[in-house]
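> below are the sequence and a predicted model; questions follow.
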There are 2 protein chains.
Amino acid sequence: MFGDKERPLYEIKANLFKGLAHPYRIKILEILSRSEEVSVAQMLKETGLEGSHLSQHLAVLRKHQLVTSERRASVVYYRLAYPEVADLLRVARQLLGELLGDTQSRLVGATELPNIPELPESVSK
Amino acid sequence: MFGDKERPLYEIKANLFKGLAHPYRIKILEILSRSEEVSVAQMLKETGLEGSHLSQHLAVLRKHQLVTSERRASVVYYRLAYPEVADLLRVARQLLGELLGDTQSRLVGATELPNIPELPESVSK
DNA sequence: TGATGGAATGATAAATCCATCATATCAGAA
DNA sequence: TTCTGATATGATGGATTTATCATTCCATCA
């Protein structure tokens, strides 16, 4: 195993992307990208997730240092840890523009990409 | 399940990040970012991976449409499917600059992030 | 044709991740 | 203090991902 100093950058980067690699976490980060600061209660509404499930995804995002949280009274507020997180989502959107623009990609995407668990209505976009 | 048209963007984005969420795939994409076009043989050398393992990761990258491949004679050449892929890595690097710049993050990263399988010497950076 | 080298695919066990449910913590109200 | 609403943590089974090994495919050369 590696000490942190010598740990290859690839692994740190891969970890970063792992933090982003779930539809609900993307959803959460996009909510945070728009709003500066959002309470867990608000996210519950916007995502339609069950409480502990949301908390679990928030824990992942915290672990990867993509968000920070602050408790005021009994409410916990989240925000993006760095504006670059939003940049990352922006570039991803841009790449997907290209990617989905290609005629074939629809079909390929539909048939070959892993199937995706259904989300509650409220989450659809 | 969703047809491709209504499939929420979050899921498509999450899939994109999943394609990036492995150290060897980052390594591979960075090699491709530098070189316009690279043969599998060259990647074998640069990554130190065993053949079928490399192929498997290349298959993942193809499935996610992050790279394209072309066979000329018996050699297969890969390249990035879109320049935005390199952008994504660039932004990630930038974010990590912030993230690792913070004093605490080293410790947190070392103790709390999932442990990472050791890579052969040749891959270390 | 058969043999050879480069690359991809298939199968499998181990590791990791996810959704669900139950339980715990924390802070304010009664 | 006990209760209650808000949030987090723990445990568990099922699904997905990964590393390894064996096999197959594809193109060239003898």
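Ah, there it is. Numbering: from 1, shown residues only, chains lettered A, B, ... in the order given.

> quick one, what contacts A:Tyr78?
Applying C-beta atoms under 8 Å, 6 or more residues apart in numbering or on different chains, one finds that A:Tyr78 lies in contact with A:Leu32, A:Glu37, A:Val38, A:Ser39, A:Val40, A:Met43, A:Leu58, A:Val67, A:Thr68, A:Ser69. C-beta: built from backbone N, CA, C; applies to glycine.

> check contacts around the closest residue in space to the fifth one that isn't next to it in sequence.
Nearest non-adjacent residue to A:Val40, counting by C-beta to C-beta, 6 or more residues apart in numbering or on different chains: A:Val76, 5.1 Å away. Listed by C-beta under 8 Å, 6+ apart, the contact partners of A:Val76 are A:Ser39, A:Val40, A:Ser69, A:Glu70.

> please redo it, this time with the cut-off set to 7 Å
Under the criterion of C-beta atoms under 7 Å, 6 or more residues apart in numbering or on different chains, the contact list for A:Val76 reads A:Ser39, A:Val40, A:Ser69.

> run through chain A and note the low-pLDDT ranges.
With pLDDT under 70 as the threshold, chain A has low-confidence stretches at A:1-7, A:102-125.

> name the residues of it found near DNA strand D, please.
Applying C-beta under 7 Å from any atom of the strand, one finds that chain A approaches DNA strand D through A:39-41, A:44, A:51-52, A:54-56, A:58-59, A:69, A:74-76, A:114-115.

> give me the buried subset of those.
Neighbour-count burial (16 or more other C-beta atoms under 10 Å in any protein chain shown) is assigned, among these, to A:Val40, A:Leu54, A:Leu58, A:Val76.

> so how far is DNA strand C from the first one?
Using C-beta to the nearest atom of the strand, to the nearest Å, one gets 12 Å for the distance from A:Val40 to DNA strand C.

> how about the last one?
Separation of A:Val76 from DNA strand C (C-beta to the nearest atom of the strand): 9 Å.

> what about stretch A:12-19 and chain B, touching?
Yes. In this structure, stretch A:12-19 sits against chain B according to C-beta under 7 Å from any C-beta of the partner chain; the contacting residues are A:Ile12, A:Lys13, A:Ala14, A:Asn15, A:Leu16, A:Phe17, A:Lys18.

> I'd say A:Lys18 and B:Ala21 touch.
Yes. A:Lys18 sits in contact with B:Ala21 when judged by C-beta atoms under 7 Å, with a separation of 4.3 Å.

> thinking again about what came up before, in a markdown table: the residues of stretch A:12-19 next to chain B, plus secondary structure and neighbour count.
Rendered in a markdown table, the data for the residues of stretch A:12-19 next to chain B read as follows (DSSP: H, G, I helix; E, B strand; the rest coil; neighbours: other C-beta atoms under 10 Å in any protein chain shown):
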| residue | secondary structure | neighbour count |
| --- | --- | --- |
| A:Ile12 | helix | 21 |
| A:Lys13 | helix | 24 |
| A:Ala14 | helix | 22 |
| A:Asn15 | helix | 22 |
| A:Leu16 | helix | 25 |
| A:Phe17 | helix | 22 |
| A:Lys18 | helix | 19 |
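
> the strands in chain A, which residues?
A:38-39, A:67-72, A:75-80 (DSSP state E).

> and chain A, which of its residues are near DNA strand C?
By C-beta under 7 Å from any atom of the strand, the residues of chain A that approach DNA strand C are A:18, A:21-22, A:24, A:50, A:52-53, A:56-57, A:60, A:71, A:73-74, A:117.
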